[in-house]
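Participant: no sequence for this one, just the structure:
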């Protein structure tokens, strides 16, 4: 038998280099596979997180929309409906300077200051003469006895429209709550009285006001303006 011829050193070296290159390629391929697998996991995690985040945002928006009280809306102008307890008057309109003596408490119309009161919620009494000017523009002025509890006040406030309404305390009221529109007034003692909404539906932006729809902003901000 003939002996196996020896492998020349050059051939052995070439084979070793080839094996090293193959091992390096395999190492790099394995590293690439690991990076790709990690990237896929990260993408899956990112997509899942985005979905969870989107669901959470949608849930939050739904919660806010459902649980946050929405402003009450009323139809402007009224329908001529009769409301038990409503009183009407014949106070003249007109702009004057200085204080005015009003025949109703609180005022339900009459001469008033040339500058109207900005509609909104006030925590302090507001000037009669400016509030009457706002009623000339169709606003409803809701006054309450300062002894009204916080919960009662919150209930009352929730019944008001977001525009053309003034809410303020008033000392010396004939009842706990008085709703006044131009030459019209309703005295009540219960914040849950359904006639509050009825009055607002009938007299908010009433066409019986001298200047319905004239501005209720851009006038006077009295002390205690809350919103």
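Facilitator: Arrived safely, thanks for sending. Source: prediction; values computed, not measured. Numbering: from 1, shown residues only.
Participant: which intervals of this structure have sub-threshold pLDDT?
Facilitator: By pLDDT under 70, the weakly predicted segments of the chain are 1-17, 22, 48-49, 52-71.
Participant: how about a cut-off of 50?
Facilitator: 62-68 (pLDDT under 50).
Participant: in it, which spans are helices?
Facilitator: Here the chain has its helices, by DSSP state H, at 9-67, 128-136, 150-158, 195-203.
Participant: Next, count neighbours for residue 190.
Facilitator: 13 (other C-beta atoms under 10 Å). Bear in mind the C-beta positions are built from the backbone N, C-alpha and C, glycine included.
Participant: just residue 198 next, same as before
Facilitator: 18.
Participant: now residue 37
Facilitator: Under the criterion other C-beta under 10 Å, the count of neighbours that residue 37 has is 10.
Participant: How much space separates the closest residue to residue 147 other than its chain neighbours from residue 126?
Facilitator: Nearest residue to residue 147 in three dimensions, chain neighbours excluded: residue 176, at 7.7 Å (C-beta to C-beta, 6 or more residues apart in numbering). The gap separating residue 176 from residue 126 is 18 Å, by C-beta to C-beta, to the nearest Å.
Participant: more neighbours, the two?
Facilitator: residue 126 (26 against 18).
Participant: That one contacts residue 168, correct?
Facilitator: Yes - with contacts counted by C-beta atoms under 8 Å, residue 126 reaches residue 168, the gap being 4.7 Å.
Participant: and for these two, which residues touch both?
Facilitator: 222, 224 (C-beta atoms under 8 Å, 6 or more residues apart in numbering).
Participant: just checking, the residue nearest to residue 147 touches residue 148?
Facilitator: Yes - shown here, residue 176 and residue 148 form a contact pair, counting by C-beta under 8 Å, at 6.2 Å.
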